[in-house]
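Student: Build the 3D model from these lines:
(one chain, ligands or ions: 2)
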Amino acid sequence: MKIESARVIVTCPGRNFVTLKIETDQGLHGIGDATLNGRELAVASYLTDHVIPCLIGRDAHRIEDLWQFLYKGAYWRRGPVTMAAIAAVDTALWDLKAKALGVPLYQLLGGRSRDGAMVYAHANGRDLAETVDRVGEYLEKGYKAVRAQSGIPGVAGVYGIGKKDGHYEPATKGLPQESIWATEPYLDFTPKLFEALRDKYGMGPHLLHDVHHRLTPIEAARLGKSLEPYRLFWMEDPTPAENQESFRLIRQHTVTPVAVGEVFNTIWDCKDLIEGQLIDYIRASVVHAGGITHLRRIADLAALYGVRTGCHGATDMSPVCMGAALHFALWVPNFGVQEHMAHEPLTDEVFPHAYRFEDGYMHPGETPGHGVEIDETLAAKYPYEPAQLPVARLPDGTLWSW
Ligand SMILES: O=C(O)C(=O)C[C@H](O)[C@H](O)CO
Ligand SMILES: [Mg+2]
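Tutor: Ligands and ions are numbered 1, 2, ... in the order given. Presented below is the predicted three-dimensional model:
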């Protein structure tokens, strides 16, 4: 099965997505997500100008060889742009192989390890009471796991709070927005939020929280310790992960489980954290960590150390990534949870898909391939709109991690 053509489709049905479509001489096509929030066109150009010319005429069945070719052959290894481009090719090739064999993708990985993938929803409110209510709404919808983020009195730039209707979309049109972040009120407030949640909903539901890289290591340790009575499923990205020794410090102080990795691109970013058993969940995603081929390697390494998966699944990963992630989740033996932030209805229209939510779990469906398509005619109606992620500053103006 030879690759005859490939092209990049950039579309903005509510937000920007970059999709790679590969077509073969057998009349089949496969698609992969290449979206890198706020830096979309860099990946689009990487694919169009540098990768696609290398794909034409190659055997679409040789997924591993093509992965190695694009990784080692670039010479400039790793990085979000390169790895998102490789991921798009890899995902499209897995989609193609599964379609050629007439099976859902999870069958190629080794078949089902479970009946469905537990997903966690995003609940957020402008204040504590609203956040508690939002969590309740998700529990009523059947979610077994909910992430809670709340506005804090006097802090303008809290991460994860929706602007309207509770819907949370961090990228804004045009240039980056700046917001002011204050650590101390956050450290005082957050245990109160989880105390209120446990008081109202008991110890049954899984509760998660994303710190979004905003604390220093010792502050993160303090937060983890103060959250222990509320038995979180995880505390995510408690501190930036460039210096991975920081996680040893956090571990020395708290047994609150730690999840890291949504900004990781390769197994090399994860290796020391996993081998040192400094984290409990690895959040690398299909799109940002080199596709299914590479994510599988990360998950296998993690399994040796009792680290489970918790793949990133915010709305800036397209439904194509979500579909692939759900096949992966159905197979991966050391599955933890999959993030699920529902896309806007318009996005779902542009990307028709076989996956579905049922009683707290998601199912990728039985369609051959990963089960997600792109309606190119509809996609063309929503051209790219420049948008960027915000930045955060401390009250004195110091630039901080957003
Ligand atoms: O979903 C999460 O856990 C996130 O942290 C979402 C990120 O802010 C988002 O994907 C950035 O593009
Ligand atoms: Mg996160």
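
Student: low-confidence ranges in this protein?
Tutor: When residues are selected by pLDDT under 70, those of the chain lie in 164-167.

Student: need the residues of it near ligand 1, please.
Tutor: By the rule CB under 6 Å from any ligand atom, the part of the chain lying against ligand 1 is 37, 170, 210, 212, 262, 312, 314, 316, 339, 389. The way it works is simple: take the backbone N, C-alpha and C, and place the C-beta from them, glycine included.

Student: quick one, phi psi at the fifth one?
Tutor: The phi and psi values for Glu262, taken as degrees, to the nearest 10, are phi -70, psi -20.

Student: Isn't Thr256 up against Leu227?
Tutor: Yes - Thr256 is within contact range of Leu227, at 5.2 Å (criterion: CB atoms under 8 Å).

Student: which residues are common contacts for these two?
Tutor: Met235 (CB atoms under 8 Å, 6 or more residues apart in numbering).

Student: of these two, who's got more company?
Tutor: Thr256 (24 against 20; other CB atoms under 10 Å).

Student: Which helix or which strand is home to the residue nearest to the more buried one when sequence neighbours are not counted?
Tutor: Distance criterion CB to CB, 6 or more residues apart in numbering; nearest residue to Thr256, sequence neighbours excluded, is Gly224 at 3.8 Å. Per DSSP states H and E, Gly224 falls inside helix 217-227.

Student: who's in contact with that helix?
Tutor: Outside helix 217-227, the residues touching it (CB under 8 Å, 6+ apart) are 183, 187, 190-191, 194, 209, 211, 215, 235, 238-239, 246-247, 249-250, 252-256, 258.

Student: Restricted to buried residues, select the residues you listed in ChimeraX.
Tutor: Only the buried entries of the contacts of helix 217-227 go into this ChimeraX selection, using 16 or more other CB atoms under 10 Å:
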select :183,190,191,194,209,211,215,235,238,239,246,247,249,250,254,256,258
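
Student: how about the helices in the chain?
Tutor: Along the chain, the segments classed as helices by DSSP state H run 40-45, 52-55, 63-73, 80-101, 105-109, 128-140, 183-201, 217-227, 246-253, 267-275, 291-304, 319-331, 345-350, 376-379.

Student: Quick one: residues in contact with the last one.
Tutor: Applying CB under 8 Å, 6+ apart, the contact partners of helix 376-379 are 9, 11, 13, 19, 21, 349-350.

Student: Let's see that with 10 Å instead.
Tutor: Helix 376-379 is contacted from outside by 7, 9-13, 17, 19, 21, 346, 349-352, using CB atoms under 10 Å, 6 or more residues apart in numbering.

Student: Tell me the buried residues in it?
Tutor: For helix 376-379, burial by neighbour count (16+ other CB under 10 Å) applies to Ala379.

Student: Centre of the chain to that helix, how far?
Tutor: 24 Å (CA atoms, centre = their mean, to the nearest Å).

Student: ok, now stretch 277-285?
Tutor: 12 Å.

Student: and the end-to-end length of it?
Tutor: 20 Å (CA to CA, to the nearest Å).

Student: Ok, stretch 342-357 next?
Tutor: 10 Å.

Student: ok, stretch 283-296 near ligand 2 or not?
Tutor: No - Stretch 283-296 is not in contact with ligand 2 by CB under 5 Å from the ion; minimum separation 7.1 Å.

Student: and Val255, what is it in contact with?
Tutor: Each residue near Val255 by CB under 10 Å, 6+ apart is listed here: 224-225, 228, 231, 280.

Student: circling back to that earlier point, just the helices of the chain: most buried one?
Tutor: Ranked by mean neighbour count, those are led by helix 319-331 with a mean of 29 (mean count of other CB atoms under 10 Å).

Student: surely Arg134 meets Gly162?
Tutor: Yes - using CB atoms under 10 Å, Arg134 is in contact with Gly162, at 9.2 Å.

Student: So whichever residue of the stretch 301-402 of the chain sits closest to ligand 2 versus Ala121, what's the distance?
Tutor: Using CB to the ion, the closest approach of the stretch 301-402 of the chain to ligand 2 is made by His312 at 6.6 Å. Distance, His312 to Ala121, by CB to CB, to the nearest Å: 14 Å.

Student: Arg248 contacts Thr239, doesn't it?
Tutor: No - in this structure, Arg248 is not within contact of Thr239 by CB under 10 Å, at 11.4 Å.

Student: May I ask which two of the contacts of helix 376-379 are separated the most?
Tutor: For those, the farthest-apart pair by CB to CB is Arg7 and Leu346; their separation is 22.0 Å.

Student: Could you check how far Ala34 is from Cys54?
Tutor: Separation of Ala34 from Cys54 (CB to CB) stands at 15 Å.

Student: Sorry, wrong one. I was asking about Glu245.
Tutor: With CB to CB as the criterion, Glu245 and Cys54 are 39 Å apart.

Student: What of Val320?
Tutor: For Val320, the distance to Cys54 equals 21 Å [CB to CB].

Student: Can you name the residues of this structure that neighbour ligand 2?
Tutor: Contact residues, the chain versus ligand 2 (CB under 5 Å from the ion): 210, 262.

Student: Which residue does the protein have closest to ligand 2?
Tutor: Closest point on the chain to ligand 2, by CB to the ion, is Asp210, at 4.3 Å.

Student: That residue touches Tyr159, doesn't it?
Tutor: Yes - between Asp210 and Tyr159 there is a contact at 6.8 Å, judged by CB under 10 Å.
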